[in-house]
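Engineer: quick check, what structure comes out for this input:
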Amino acid sequence: MARMYSRHKGKHGSKHPPIKKVPKWLKYKKEDVINLVVDLAKQRYSSAMIGTILRDSYGIPDVKVITGKTISQIMKENNLYPSLPEDLMNLLRKAVNVYEHLRKNKKDKNSLRNLQNLESKIRRLVKYYKKVKVLPKDWTYSPEEAKLIVQR
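Structural biologist: Predicted coordinates:
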């Protein structure tokens, strides 16, 4: 008989609580959490890093349950969200690092293949973001431009 697996196999990783309500022990109010997110965003942390800091340093388990908005939504409302989406920016950073590695190690064929796969992911993501009008229609990926964007 086939076994049914949950989304997380095993006991590793972070799991969200099954009940989506504000814990009674939480001492932070909605406005406090929003202010914390804004302050951390002003320090140029990514939304993922802000969530980690809030969880580990402040004991805030889930921003969306408390505020009704995601961290990214709060950042966008306060004009603190980066011009490029974070997932695309992370891929661009990774591609720039692989390019630098390949400049020094010209015979590394595995890294060359990884770069090709990475650029394919970037092109697919750019295509999606153009379709949903997050990026302008004339935005294109090039390694030189990516390096300039990442250095900012």
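
Engineer: quick one: the strands in the chain?
Structural biologist: For the chain, no strands are identified by DSSP state E.

Engineer: low-scoring stretches of it, by residue?
Structural biologist: 1-14, 16-17, 19 (pLDDT under 70).

Engineer: mind listing the helices for it?
Structural biologist: With DSSP state H, the ranges of helices along the chain come out as 30-42, 47-58, 63-67, 71-77, 86-104, 109-131, 143-151.

Engineer: give me every residue that touches Val37.
Structural biologist: By Cβ atoms under 8 Å, 6 or more residues apart in numbering, Val37 lies in contact with 50, 54, 63, 71, 74-75. In this view, the C-beta of every residue, glycine as well, is placed from N, C-alpha and C.

Engineer: next: Leu92.
Structural biologist: Contacts of Leu92 were listed using Cβ under 8 Å, 6+ apart, and they are 84, 122, 141, 146, 149-150.

Engineer: how does it look with 6 Å?
Structural biologist: 146, 150 (Cβ atoms under 6 Å, 6 or more residues apart in numbering).

Engineer: from Gln151, how far off is it?
Structural biologist: For Leu92, the distance to Gln151 (Cβ to Cβ, to the nearest Å) stands at 11 Å.

Engineer: quick revisit: export the helices of the chain as TSV, with columns for distance to Lys137.
Structural biologist: Formatted as TSV, the helices of the chain follow (distance: least, Cβ to Cβ, whole Å):
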stretch	distance to Lys137
helix 30-42	28
helix 47-58	26
helix 63-67	32
helix 71-77	21
helix 86-104	16
helix 109-131	6
helix 143-151	16
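
Engineer: spell out which residues make up each domain of the chain.
Structural biologist: 30-77, 86-151 (automatic domain parsing).

Engineer: buried deepest among the ones you listed, which one?
Structural biologist: Comparing the domains of the chain by mean neighbour count (mean count of other Cβ atoms under 10 Å), domain 30-77 comes out on top with a mean of 17.

Engineer: what is the end-to-end distance of that domain?
Structural biologist: When the termini of domain 30-77 are compared using Cα to Cα, to the nearest Å, they are 15 Å apart.

Engineer: now do stretch 35-49
Structural biologist: One end of stretch 35-49 to the other measures 16 Å (Cα to Cα).
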